[in-house]
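Engineer: What follows is a predicted structure for the sequence shown.
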Amino acid sequence: MSLRFRNKNWVLVLLISLLVSVFALDLWTRLNVSADEEYSNLKIFTEVLSQVENNYVEKPDSKQLIYGAINGMISSLDPHSGFMPPDVYKEMQIDTRGEFGGLGIQIGTKDNVLTVIAPIEDTPAYKAGIKAGDQILKIDGQPTAGMQIFDAVKMMRGPKGTPVTITIMRNGFKQPEDFRILRGEITVKSVKYKMIDKDQGIGYLKLTQFQEKSAEDMANALKKMSKEGMHSLILDLRNNPGGLLTSAIDVASQFLPQGKLVVYTQGRVGGRSDYMTSNQYTSYTTMPVVVLVNQGSASASEIVSGALKDWKRAVIMGTKTFGKGSVQTVIPLSDGSGLRLTTARYYTPKGISIQNTGILPDIEVKLVIPPSEAKKIKEYPVIREKDLKNHLDANPSQKGTGDDVQEAPWVDLKAKDDNQLQRAVDLLKTWDIFSSITAVKNGPAQTTSASVAAPASK
């Protein structure tokens, strides 16, 4: 048997596997095409593959052809689905642990251009001045036009201390500029906390991501602040891009009673799945809580804030959130690669779709930028889920609500200049008065008294 014949047989096996996957995912049904059209489209695919295999100017790599076809198929779905070759799939598994070598930025595609969603605090990219809204035109001289997000991530990852140059275009730049950045060991510390007002017993906890140990770290932080006299809490989820669903459930469980619905998912296949509170950690079910959110609060942040809002367990303050309410299932494949596929939408306990709508705060407080930082509002435009290429809509029965506030949530402000934070502090200082007003409006069952702020162990 000739080598060429064996290669063709191998390509045929891969092609059959691809077609089986297509049918298994039922993509053609989703596109509402008839059976005749299905076979017609598949015929075109095989014709093109045959032409490339036999007539391309150089002998193509059959595996790369198949990977390219899969990439093209998945990239036409939504911005959060993707195909990961084996090496990229391994990198993805490392991410959730909060440690990896790279630059430290969240990226997406806006207007067909690779765009920075947000830099991660205290990372090389953050320190180098990379900003949300920056367009990444090249990575080490290679144009990013048409590049898959996973491929771009792979290029920016690498051992600590090695350089990478990214070419950035930004509002206010006359021409693209190169940023040469040394990769670092990105260890994202997901929990930061302090007693922000000891006299009033107000604690402050900032959650930057939802990682494997985030809920445990938060539980330890709450215990320490409780020993310091904490009677109320500001939970800061601003610019938190999300993370693990299990972490979001465990975080919400520390403020809600046992057996409460935190979030549910609804997909085209498999029906509804409910996610309830757990009793793994100490529960603070009566402590006054203000949750700060903004345009950068996404995914798991929206799950937590949505649950606490629907159960009237906390006051949500700030501006409307990002609107990333879709569920991605990671499916391991036989060759060590992985498929990240959007399979469902997230819904708050009241049945509100998060996707493309976001969470509206109970009290809207726009961030006030000092004059010295005001120019950055135009330089770094706000990016939400609805701005990403091929984003999913919410359910047809639900429309987005609330105004999109044009501000720069990634501008770092000192506590004294952070009007959203100061408004939260003021609210907790007057919580008894606020609770009384709420009781008159909504009934006493929905109030929370600062006088019963001690945690109840579960």
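Structural biologist: Cool, the structure landed.
Engineer: Name every strand pairing with the strand or helix carrying Leu233 and say which way it goes.
Structural biologist: Using DSSP states H and E, the element containing Leu233 is strand 232-236. Paired neighbours of strand 232-236 in the sheet (DSSP bridges): strand 202-207 (parallel), strand 289-293 (parallel).
Engineer: quick one, domains of this protein?
Structural biologist: Domain assignment for the chain by automatic domain parsing gives 3-76, 99-187, 191-452.
Engineer: right, and those domains - which one's nearest Met84?
Structural biologist: Closest to Met84 of the domains of the chain is domain 191-452 (Cβ to Cβ; 4.4 Å). For every residue, glycine as well, the C-beta is placed using N, CA and C.
Engineer: And the average pLDDT for that closest one is what?
Structural biologist: For domain 191-452, mean pLDDT rounds to 82.
Engineer: what about that domain, distance to the chain center?
Structural biologist: 12 Å (Cα atoms, centre = their mean, to the nearest Å).
Engineer: how about the lengthiest strand in the chain as PDB, C-alpha atoms only?
Structural biologist: The longest strand of the chain (DSSP state E) is strand 338-347. Provided in PDB are the C-alpha atoms of strand 338-347 (Å, rounded to 0.1, in the frame of the first residue of the first chain):
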ATOM      1  CA  GLY A 338     -10.500  20.000  23.600                       C
ATOM      2  CA  LEU A 339     -13.700  21.700  22.500                       C
ATOM      3  CA  ARG A 340     -15.100  24.600  24.500                       C
ATOM      4  CA  LEU A 341     -18.700  24.800  23.400                       C
ATOM      5  CA  THR A 342     -21.500  27.200  24.500                       C
ATOM      6  CA  THR A 343     -24.300  24.800  25.600                       C
ATOM      7  CA  ALA A 344     -26.700  26.900  27.700                       C
ATOM      8  CA  ARG A 345     -27.600  30.300  29.200                       C
ATOM      9  CA  TYR A 346     -27.500  31.400  32.800                       C
ATOM     10  CA  TYR A 347     -30.600  32.600  34.600                       C
END
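Engineer: how much space is there between the closest residue to Gly296 other than its chain neighbours and Gln209?
Structural biologist: Spatial nearest neighbour of Gly296, excluding adjacent residues (Cβ to Cβ, 6 or more residues apart in numbering): Asn239 at 3.6 Å. Separation of Asn239 from Gln209 (Cβ to Cβ, to the nearest Å): 10 Å.
Engineer: Over to Gly68?
Structural biologist: Taking Cβ to Cβ, one finds Gly68 at 32 Å from Gln209.
Engineer: for Gln266, same thing?
Structural biologist: Separation of Gln266 from Gln209 (Cβ to Cβ) stands at 26 Å.
Engineer: how about the strands in the stretch 251-400 of the chain?
Structural biologist: 261-267, 272-276, 289-293, 315-318, 326-332, 338-347, 363-364 (DSSP state E, counting those that start in this stretch).
Engineer: Same question for the second one: list its buried residues.
Structural biologist: Spelled out, it's strand 272-276. Buried residues in strand 272-276, counted by 16 or more other Cβ atoms under 10 Å: Tyr275.
Engineer: Can you name every helix or strand that that strand contacts?
Structural biologist: Under the contact definition 3 or more Cβ pairs under 8 Å, 6 or more residues apart in numbering; DSSP states H and E, strand 272-276 sits against helix 245-253, strand 261-267.
Engineer: circling back: between Asn239 and Gln209, point out the one with more neighbours.
Structural biologist: Asn239 (27 against 24; other Cβ atoms under 10 Å).
Engineer: returning to what we had before: return the most buried member of the strands of the stretch 251-400 of the chain.
Structural biologist: The highest mean neighbour count among the strands of the stretch 251-400 of the chain, using mean count of other Cβ atoms under 10 Å, belongs to strand 289-293: a mean of 27.
Engineer: ok, residues contacting it?
Structural biologist: For strand 289-293, contacts defined as Cβ atoms under 8 Å, 6 or more residues apart in numbering pick out 232-238, 255, 301-302, 304-305, 308-309, 313-319, 321, 359, 361, 420-421, 424, 427-428.
Engineer: run the last query once more with 7 Å
Structural biologist: When contacts are defined by Cβ atoms under 7 Å, 6 or more residues apart in numbering, strand 289-293 is touched by residues 233-238, 255, 301, 305, 308, 313-318, 321, 359, 361, 420-421, 424, 427-428.
Engineer: do stretch 186-198 as well
Structural biologist: With Cβ under 7 Å, 6+ apart as the test, stretch 186-198 has contacts from 98-102, 104, 120, 123, 202-209, 211, 214, 217-218, 221, 225, 228-230, 234, 425.
Engineer: Out of those residues, which sit inside strands?
Structural biologist: Per DSSP E, these map to strands at Glu99, Phe100, Gly101, Gly102, Ile202, Gly203, Tyr204, Leu205, Lys206, Leu207, Ile234.
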